[in-house]
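J.: coordinates only, sequence not included:
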């Protein structure tokens, strides 16, 4: 298939810059694959579409505040995003500007509380940094790190027009206060309420709509809520650079499927009960692990499965997702599950009805 088949035009004002005030107040578009019927609801209505005995798979990865600012050893400013561990005391990182990040360069980050040294070059222009042996990285990130929001979410107050109801002053102090308060809010809202395992540089966004109360209602229905962990990395969002999808290779992401989750999924499939995945990351975890097997195995692995139309889903019967970027691998996965024509039609209707798109946007249930 060709990448151009997964393109669409989105009005820029439909890219959500803020979450809705209440997580489960997001809109929910429901697509029935068998009939093609589309319904328009709110996320709080989700329990109406679940059944006793369903297994709901959530991704409990936790987004790290892994963006750090500082200087090179010669005083030039630098921005670092820690991506994932790369050996003892080492982290793979995205660095801006990268042209100065030569092997051997020292970086002073987090107001001087973290020194790092470039030890080697990595893939996609990244670098591998060595950290000091005595550093408490979690403490440094919690104190000085910034949540790595996607680039289409703007948090620089001076670089945008004020939203309705905001003050029109553009002085630096006002802009900084506005941006800072939003970044503080993002630490909570760009994180699922069930996040447990540190390791992601982006949120599994379909899960952002759940509240503890909504999860309680779902459990009370007799739905089994089971976790997997897939640490969302930049590979999920790397642009597809080949016109022919068969030439694209997904960057691997570490995942874990607990034994209790594997048992629940396998029993549900034997009993012909549904497995409902929350987000494309949960889908990829289950389908990657189950490749070539009749049952889902527990354990840890590296998911690099690129799901495209024609893929035969063996584990997932329905799934929740947000609305994704054109030509992106998550959108291609949605088309594989829902059908390309149905996906195009659904996205056209979502745009016409002014759904909010991308990470802080609305949700879609495909069943």
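T.: Thanks, I have the structure now. Quantities reported herein were computed from a predicted structural model and do not represent experimental measurements.
J.: now residue 259. Nearest residue, chain neighbours left out?
T.: Leaving aside its chain neighbours, residue 259 sits nearest to residue 298 (4.2 Å; criterion: CB to CB, 6 or more residues apart in numbering). No exception for glycine: its C-beta is placed from N, CA and C like everyone else's.
J.: what's the pLDDT at the one you found?
T.: At residue 298, the model reports a pLDDT of 98.
J.: around it, count how many other residues there are.
T.: Using other CB atoms under 10 Å, the number of residues around residue 298 comes to 15.
J.: just the buried residues of stretch 1-20, please?
T.: By 16 or more other CB atoms under 10 Å, the buried positions in stretch 1-20 come out as 1, 3, 6, 14, 15, 16, 17, 19, 20.
J.: now residue 190: how far from residue 25?
T.: Going from residue 190 to residue 25 by CB to CB, to the nearest Å gives 17 Å.
J.: between those two, which one's more packed in?
T.: A count of neighbours by other CB under 10 Å puts residue 190 above the other of residue 190 and residue 25, at 23 against 14.
J.: and the more buried one, how far is that from residue 155?
T.: 11 Å.
J.: list residues touching both of the two?
T.: Common neighbours of residue 190 and residue 155 (criterion: CB atoms under 8 Å, 6 or more residues apart in numbering): residue 149.
J.: pLDDT weak spots in the protein?
T.: For the chain, applying pLDDT under 70 flags the ranges 156-183.
J.: mind listing the helices for it?
T.: Per DSSP state H, the chain carries helices over the ranges 137-144, 172-189, 212-220, 259-270, 280-289, 329-338, 340-352.
J.: could you look over these and pick the most buried one?
T.: Highest mean neighbour count of the helices of the chain: helix 280-289, a mean of 27 (counted as mean count of other CB atoms under 10 Å).
J.: hmm, residue 362 is touching residue 27, no?
T.: Yes - the criterion here is CB atoms under 8 Å, and residue 362 meets it with residue 27 at 4.1 Å.
J.: what residues are shared contacts of those two?
T.: Residues touching both residue 362 and residue 27 by CB under 8 Å, 6+ apart: 43, 355, 356.
J.: from these, which ones fall inside strands?
T.: With DSSP state E as the criterion, strands contain none of those.
J.: from these, pick the one nearest residue 58.
T.: Nearest to residue 58 among the shared contacts of residue 362 and residue 27: residue 43, at 14.3 Å, using CB to CB.
J.: quick check, that closest one in contact with residue 29.
T.: No - here residue 43 lies out of contact with residue 29, judged by CB under 8 Å, at a distance of 10.3 Å.
J.: now for the two: what residues contact both?
T.: With CB under 8 Å, 6+ apart as the test, residue 43 and residue 29 both reach 362, 363.
J.: tell me where the stretch 51-200 of the chain has strands.
T.: Secondary structure of the stretch 51-200 of the chain by DSSP state E, counting those that start in this stretch: the strands cover 55-59, 61-63, 67-72, 77-85, 90-96, 106-109, 114-121, 127-130, 197-200.
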